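In: Got a predicted structure plus its sequence, pasted below:
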Amino acid sequence: MGPWRAAILVTLLPHFSLAEAPDEAQPFGAHYGYVFDVQEEKNRRDIEMVMLERPKDPRKPLSEIIVNEKLTREFQQQYQYRFGQTQAEQVINSPGQYDEYKYFTDRNVTLQQYQTYQRQFAEYMGRRLTEYHIDNWAKNDPDIRPVYEFKDKVSNLNMEVRKGYKIHWKYNFAGPSMDIRLDNPYEVESRVRVQMNGVISKPEEVIYTFGYGFTPRVRGSFVHKSEDGIYQLVFSRRMSQSLSASVTASKDTLKAGPTVQQDLLLLGFSWTN
């Protein structure tokens with residue numbers, strides 16, 4: 001190889017090395033956002049994706065914040081204990097604005113007496129609402145939470161007596177009352193409620209409740225009030241989403257007790273939205 005050929009080879013060798021390394025050979029003027037083909041850019045349509053913020057959850061009405069679904073069920077159950085198991089019984093036990101309700105024993109419940117019962121129930125609702133929201137506040141406050149946990153341990157007890165059977169005991173300070181519920185594999189509602197006059201007092205009324213759902217639409221229940229001597233049997237059937245029918249048979253065996261003695265056989269229909 002002649003000297004001039006060796007000089008040419010030495011001169012071109014760096015250029016061949018650059019061609020074999022494309023990562024290092026960048027076109028002049030290359031930069032993010034720059035283009036080299038104006039015609040391609042002119043005919044191209046770019047669609048920009050805009051990421052929207054996650055919408056906030058709708059604010060609950062104040063009424064649902066004060067009285068939630070759990071409290072609503074509890075108030076409905078308490079109302080049934082005090083004024084009747086079915087809507088038909090509640091209506092017949094409610095005197096009109098200027099009337100008195102006459103029982104089979106010729107004893108009357110005046111409007112003033114009925115308003116007293118309603119006021120006592122309203123006072124219970126006020127105490128229960130206050131207790132519920134104070135419990136929520138104490139549960140979420142690290143400084144007060146130990147007090148809430150102590151109250152929860154004192155007022156609640158869950159115990160499994162055998163496989164498939166579990167006892168739930170709860171003390172309601174607002175009632176005041178005690179509830180004992182038995183879970184069982186037969187899905188039979190078994191509940192005992194003890195109503196009291198004060199936080200520490202003897203029982204005013206002991207209510208035994210047994211219920212069973214024969215089908216998703218048909219349900220039967222048996223209620224016994226020991227102090228009043230009442231035995232009550234109720235069958236209800238949901239005819240549609242809003243319409244229900246019920247049959248109530250009630251027998252009062254004692255003249256004593258807060259409830260006026262009466263025997264009932266009622267057929268009622270109720271409409272709910």
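Out: Ah, there it is. Numbering: from 1, shown residues only.
In: so where is this protein shaky, pLDDT-wise?
Out: 1-37, 41, 95-111, 199, 256-261, 273 (pLDDT under 70).
In: Tell me the buried residues in the lengthiest helix in the chain?
Out: Criterion DSSP state H: the longest helix present in the chain is helix 111-140. Of the residues in helix 111-140, 114, 121, 124, 125, 128, 132, 138 count as buried by neighbour count, 16 or more other C-beta atoms under 10 Å. Heads up, the C-betas are built off the backbone N, CA and C, glycines and all.
In: surely the third one meets residue 177?
Out: No - because the distance of 9.3 Å does not satisfy C-beta atoms under 8 Å, residue 124 is recorded as not touching residue 177.
In: quick one: the strands in the stretch 151-273 of the chain?
Out: Along the stretch 151-273 of the chain, counting by DSSP state E, counting those that start in this stretch, strands occupy 156-162, 165-172, 177-183, 189-196, 203-213, 218-225, 230-238, 243-252, 264-271.
In: Keeping just the C-alphas, turn the fourth one into PDB.
Out: Taking Å, rounded to 0.1, in the frame of the first residue of the first chain, the C-alpha atoms of strand 189-196 are listed here in PDB:
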ATOM      1  CA  GLU A 189     -84.900 -14.000  65.100                       C
ATOM      2  CA  SER A 190     -84.600 -14.400  68.900                       C
ATOM      3  CA  ARG A 191     -84.500 -11.200  70.900                       C
ATOM      4  CA  VAL A 192     -85.200 -10.100  74.500                       C
ATOM      5  CA  ARG A 193     -85.600  -6.500  75.400                       C
ATOM      6  CA  VAL A 194     -85.700  -5.200  79.000                       C
ATOM      7  CA  GLN A 195     -87.200  -1.700  79.400                       C
ATOM      8  CA  MET A 196     -86.200   0.200  82.500                       C
END
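In: Determine the set of other helices and strands touching it.
Out: Packed against strand 189-196 by the contact rule (3 or more C-beta pairs under 8 Å, 6 or more residues apart in numbering; DSSP states H and E) you find strand 177-183, strand 203-213.
In: Tell me what angle it forms with strand 177-183.
Out: Orientation check (axes from the mean of the first three to the mean of the last three C-alpha atoms, to 10 degrees): strand 189-196 against strand 177-183 gives 170 degrees.
In: what's the answer for the second one, then?
Out: Here strand 165-172 points in a direction 160 degrees away from that of strand 177-183 (the same axes, to 10 degrees).
In: swap in the fifth one?
Out: Put simply, strand 203-213 runs at 30 degrees to strand 177-183, going by the same axes, to 10 degrees.
In: what's the closest non-adjacent residue to residue 214?
Out: Leaving aside its chain neighbours, residue 214 sits nearest to residue 220 (6.6 Å; criterion: C-beta to C-beta, 6 or more residues apart in numbering).
In: For that neighbour, give me its contacts.
Out: When contacts are counted by C-beta atoms under 8 Å, 6 or more residues apart in numbering, residue 220 touches 211, 212, 214, 233, 234, 235, 236.
In: Also residue 198?
Out: Applying C-beta under 8 Å, 6+ apart to residue 198 gives the contacts residue 176.
In: one step back: which other helices and strands contact the longest helix of the chain?
Out: Using 3+ C-beta pairs under 8 Å, 6+ apart: helix 111-140 touches helix 69-83, helix 145-155.
In: Let me have the ones you listed in TSV, adding mean neighbour count and distance to residue 195 as columns.
Out: Formatted as TSV, the helices and strands packed on helix 111-140 follow (neighbours: other C-beta atoms under 10 Å; distance: least, C-beta to C-beta, whole Å):
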stretch	mean neighbour count	distance to residue 195
helix 69-83	14	8
helix 145-155	12	16
